[in-house]
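Trainee: A predicted structure for the sequence below; I have some questions about it.
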Protein chains: 2
Amino acid sequence: MHFMTALKAAWQQRDSLLCVGLDPDPAKFPAHLQGRPDAILEFCTAIVDATADLACCFKPQIAYFAAHRAEDQLEALIAHVHARHPGTPVILDAKRGDIGSTAEQYAVEAFERFDADAITVNPYMGRDSVEPYLAYGDKGVILLCRTSNPGGSDLQFLEVGGGLKLYEHVARLVADEWNASGNCGLVVGATFPAEIARVRELTGDMPLLVPGIGAQGGDIAATLTAGRTAEGTGLMINSSRAILYAGKGEDFGRAARELARQTRDAINAHR
Amino acid sequence: MHFMTALKAAWQQRDSLLCVGLDPDPAKFPAHLQGRPDAILEFCTAIVDATADLACCFKPQIAYFAAHRAEDQLEALIAHVHARHPGTPVILDAKRGDIGSTAEQYAVEAFERFDADAITVNPYMGRDSVEPYLAYGDKGVILLCRTSNPGGSDLQFLEVGGGLKLYEHVARLVADEWNASGNCGLVVGATFPAEIARVRELTGDMPLLVPGIGAQGGDIAATLTAGRTAEGTGLMINSSRAILYAGKGEDFGRAARELARQTRDAINAHR
């Protein structure tokens, strides 16, 4: 299924704009999982099973798997989402960016090896570095635009002429040129609601992936006011650490579910 | 050993500015390697053993391993370089870029799991996205600046104020602020010699990784004129496909060696 079709269906059917980020850190796992050979997979599948009906998508962050030589567990995790929770899009958060011939290899990694439905991509190398992902057609390609971290301003907030800052230029490039097949999205941090509003203005109904609520301090009400579309959707609001580590015991799945429900409801209160 | 110390020693001892890029594409391997379980590792170690005394460094591109589920072969390849060719720095070409807590995981992947001596990093997310790599101190951190691909101009050539283009702003940021520990380098494509000269002007003796000769059409003489330091070094001039696939038979190592020697000599003729 086309990523955008699946995402829109999930927004409606689950009544949720919540994206659950899967950034597994074994040092924070409950004691009963410590030291188990597939602890990362066991932890993440428990989170997925506990929250799938409350989320519009999942976003595994590949660095947390790669640092632990756990690519096989990432493959198994995404296969689990597809098998058990069909219709739930999986965004591989990889932020790749390279010349065309290498980007083709990264696209194989994301879409064929890992079977992700969408990938995050860095726009710094320009259009031909993004085309190999766009060529998949039914996959989502989510470009970094205005990131939630403090250093995000170092480049993204530079004035680049025409009254635009670099992040606005990226938003316009993606909306006006790179999105010809309608499969693009943008990353805009919840820590910058004024910029979410500006990106919404530049990109129509384009889906925005919004990290930065929870541990990073972004405000849910301000994010919704700035970024929701006329239909009350258009956002994938990511929460990772707050949900993953809501519980510390054997019932961590239940604690994660409860926090996911609270977060979904807090988001919905402002739609 | 500190990456910069090893690189300078390799420039002198091997009398070479050639970086051999390891972008293994199994479809292009000689027939006798086709279908072998560790074909990627066998191919790359043969290239490494045939060219190590002619190269100042090796640069494996991680996408070519990841697309084939061959991270274990990348680990074994880098271990092979360290064991058999000590003093030859290995740059992991990964172009990572993410917020601090995730960048820490990518740094573990590159420097601990793969034991690389340096990594390429994308600057779009700013300083705190680069600090986890810088924190390793003895490792090299090579930031994308002016890339060799056609789309490189989409963002990197934008005017960002103060008479600077974005790539010049990145060069100055890295040289003046991020390089406090002296472990930074920059990527500048051989397809843009005027910009190599400008980056050299902005960064003093900072090592520049220069892709784009060979298959991409960059000019060796122009690259050297623009980028060499007063000592006749300062450059890691990358060639990947031209060397890797110089031969198609069982003697592909010999053909790669011959082309690496010609390339090194062509570079040295302009130092």
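Mentor: Yes, it's here.
Trainee: what does the stretch 1-150 of chain A put close to chain B?
Mentor: A:23, A:61, A:63-64, A:66-67, A:69, A:71, A:95-103, A:105-106, A:108-109, A:112-113, A:122-130, A:144, A:147-150 (C-beta under 8 Å from any C-beta of the partner chain). C-beta here means a position set from N, CA and C on the backbone, and glycine is covered the same way.
Trainee: from those, which land in helices?
Mentor: The helices, defined by DSSP state H, take in A:Ala63, A:Tyr64, A:Ala66, A:Glu71, A:Gly100, A:Ser101, A:Thr102, A:Ala103, A:Gln105, A:Tyr106 from the residues of the stretch 1-150 of chain A next to chain B.
Trainee: determine the number of other residues adjacent to the closest residue to chain B within the stretch 151-271 of chain A.
Mentor: Distances between the stretch 151-271 of chain A and chain B by C-beta to the nearest C-beta are smallest at A:Gly151, namely 2.6 Å. The tally of other residues near A:Gly151 (other C-beta atoms under 10 Å in any protein chain shown) stands at 19.
Trainee: can you give me the helices in chain A?
Mentor: Counting by DSSP H, the helices of chain A are A:3-13, A:39-51, A:62-66, A:71-84, A:100-107, A:131-134, A:153-156, A:166-173, A:193-203, A:220-227, A:241-244, A:252-268.
Trainee: now those in a markdown table, with mean pLDDT?
Mentor: As requested, the helices of chain A are exported to a markdown table (pLDDT from 0 to 100):
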| stretch | mean pLDDT |
| --- | --- |
| helix A:3-13 | 98 |
| helix A:39-51 | 98 |
| helix A:62-66 | 98 |
| helix A:71-84 | 98 |
| helix A:100-107 | 97 |
| helix A:131-134 | 98 |
| helix A:153-156 | 96 |
| helix A:166-173 | 98 |
| helix A:193-203 | 97 |
| helix A:220-227 | 96 |
| helix A:241-244 | 96 |
| helix A:252-268 | 97 |
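Trainee: figure out how far stretch A:98-117 is from the centre of its chain.
Mentor: 17 Å (C-alpha atoms, centre = their mean, to the nearest Å).
Trainee: first-to-last residue distance for that stretch?
Mentor: 20 Å (C-alpha to C-alpha, to the nearest Å).
Trainee: also stretch A:225-245?
Mentor: Terminal residues of stretch A:225-245 lie 28 Å apart, using C-alpha to C-alpha.
Trainee: just stretch A:4-23 next, same as before
Mentor: 23 Å.
Trainee: ditto for stretch A:102-120
Mentor: Terminal-residue distance, stretch A:102-120 (C-alpha to C-alpha): 16 Å.
Trainee: returning to what we had before: from the residues of the stretch 1-150 of chain A next to chain B, keep the buried residues only.
Mentor: Among the residues of the stretch 1-150 of chain A next to chain B, those classed as buried by 16 or more other C-beta atoms under 10 Å in any protein chain shown are A:23, A:61, A:63-64, A:66-67, A:71, A:95-103, A:105-106, A:108-109, A:113, A:122-130, A:144, A:147-150.
Trainee: up against chain B, what does the stretch 151-271 of chain A have?
Mentor: Residues of the stretch 151-271 of chain A lying close to chain B (C-beta under 8 Å from any C-beta) are A:151-156, A:158-161, A:166, A:169-170, A:173.
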